[in-house]
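Engineer: With the input below, show me the fold.
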Amino acid sequence: MDNERLHKLQIRAWTMYDWANSAFATSVMGAILPNYFGAYIATEGSLTLWGYTVAIGSLIAALLSPVLGAIADFRGSKKKFLAFFAGLGIVSTALLFFIDKPEEWLLCCILYILGTIGFAGSLVFYDSLLPHVAREDEIDQVSSRGYALGYIGGGLLLLVNVVMIFFGPRLTPNLGEPNATMLWMRLSLASVALWWAIFSIPLFRRVQEPARMAEASEVGANVWKVSFARFIKAFKDIRKFKDLFWFLLTFLVYANGIGTIITMAAAFATDLGFSTITILGTFLMVQFVAAPFAILFGKLAKKLGNKKAITISLLIYAVIAVIGYFMSKEWHFYVLGFGVAMVQGGSQALSRSLVGKLMPKSKSAEFYGFFSVSEKFNTVVGPAIMAFVTQLTGNPRWGIVSLVIFFIAGILMLRGVNVERGVARAEEEDARMIALNS
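Structural biologist: Predicted coordinates:
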């Protein structure tokens, strides 16, 4: 097999993991589980409880990410760690099928937290493979293609799930309502685990483990000692990469708004009394609209650059958050969902690829671990603030409008990132590491 064909197969296999894991983001984090939790498991104070649950799971994942990234870089075992965390997420998701009683709300929260840790942990190592799979001139497009496939894959399974939830109870009329609907919602959650497992296989078969790069002083040393030392050193070193460090801080800010909208939209709509069909229908629409827009933003970045394309997406998000305060009718939810679909994939894909440009490949998992901290804190601070504001005011509308500050601050901070200077600095570090290992 020639090198170019092998390269294309690796890209295709890498992007398929977006197709695989996005089912968790769509059905478990986004549409079905929050609605199931609020409607059948924790009917009192569900929005606040769910917000804190999301925050706890993301916080744990964020704290683990940098050290795990350091271990994976040192051992040259990104794929093994990806497999472990994907397995944790898959098993936890499958076990959600057995949650069918209100008194099991705590177990439901624990399984969701474990699933989030597995999902988020696997993405540290998945993202860290991007600079090794894609060439420098195609990294934006490959990242965007991954997100597009993720939206299509997650959307297809969500479509199947919607059909299951609304037509499945007719196949089990003897159970009566709400037991029949609960059964098919639980089966939908179980289908996510199966989908995630099956479509992860191409990555493990086709994508090669990147070559291990180690300092001379690390050869033969204890893995945990070296990994913690690498983590501490990476924490110090990342500040030497001025533009990478500033962009990670910038992303940490604006991603709080994005992550909160993604994970709290269904709970917010449920709290407003919107129907399950409206909530699931909107999420379904978002998946298929977001896919072409993710590709469009990849092309937009090629013409305008990452910074300008991301800025456009943040401006649209800010408008969405303001309009969300006035949302009162179910068709409003569809309109806002379309607005989110326009920018959701593009903003995430271009953020991921910009980090890939600004970081040295020799430290990809370590520094993507820090990116993961920023990425996972977007479902720590944001949902916690939204839950707190909702609890404080008794009105979820104030919670959604408070997200505007994240987008405006992100736009202002993004102006301080010098992409050209950051890329040059990363290339210097890679050249140094190649010289050491030659």
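Engineer: what about the residue located most distally from the centre of the chain, which SS state?
Structural biologist: Distance from the centre of the chain peaks at N174, with 39.1 Å (C-alpha atoms, centre = their mean). Of the three states, N174 takes helix under DSSP: H, G, I helix; E, B strand; the rest coil.
Engineer: when you give positions from now on, start the count at 22
Structural biologist: Sounds good: first residue 22 from here, last item N195.
Engineer: residues contacting F106?
Structural biologist: With contacts defined as C-beta atoms under 8 Å, 6 or more residues apart in numbering, the neighbours of F106 are 138-143, 145-146. All C-beta spots, glycine's among them, are computed from the backbone N, C-alpha and C.
Engineer: Can you tell me which of those end up in helices?
Structural biologist: Residues of the contacts of F106 located in helices (DSSP state H): 138-143, 145-146.
Engineer: Of those residues, grab the buried ones for ChimeraX.
Structural biologist: Per 16 or more other C-beta atoms under 10 Å, the buried members of the ones in helices among the contacts of F106 correspond to this ChimeraX selection:
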select :138,139,140,141,142,143,145,146
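Engineer: Helices of the stretch 72-221 of the chain, start to end?
Structural biologist: Here the stretch 72-221 of the chain has its helices, by DSSP state H, counting those that start in this stretch, at 99-116, 126-154, 160-188, 200-220.
Engineer: where does the stretch 122-271 of the chain dip in pLDDT?
Structural biologist: 232-249, 251-252, 255 (pLDDT under 70).
Engineer: Likewise for the stretch 272-421 of the chain?
Structural biologist: 385-387, 389-390, 393-400.
Engineer: again, only using 80
Structural biologist: Along the stretch 272-421 of the chain, segments meeting pLDDT under 80 span 283-289, 291-292, 308-309, 312, 366, 373, 382-405, 408, 411, 417.
Engineer: which of the contacts of F106 lies closest to V112?
Structural biologist: Using C-beta to C-beta, G139 comes nearest to V112 of these, at 7.9 Å.
Engineer: how about that closest one, what does it touch?
Structural biologist: 106-113.
Engineer: Recalculate using a threshold of 10 Å.
Structural biologist: 42, 45, 78, 82, 105-114, 217 (C-beta atoms under 10 Å, 6 or more residues apart in numbering).
Engineer: excluding its backbone neighbours, what's nearest it?
Structural biologist: Spatially, and ignoring its direct neighbours in sequence, G139 is nearest to G110 (2.7 Å; C-beta to C-beta, 6 or more residues apart in numbering).
Engineer: rewinding a little: ok, the residue farthest from the centre of the chain touching A201?
Structural biologist: Yes - applying C-beta atoms under 10 Å, one finds N195 in contact with A201, separated by 8.4 Å.
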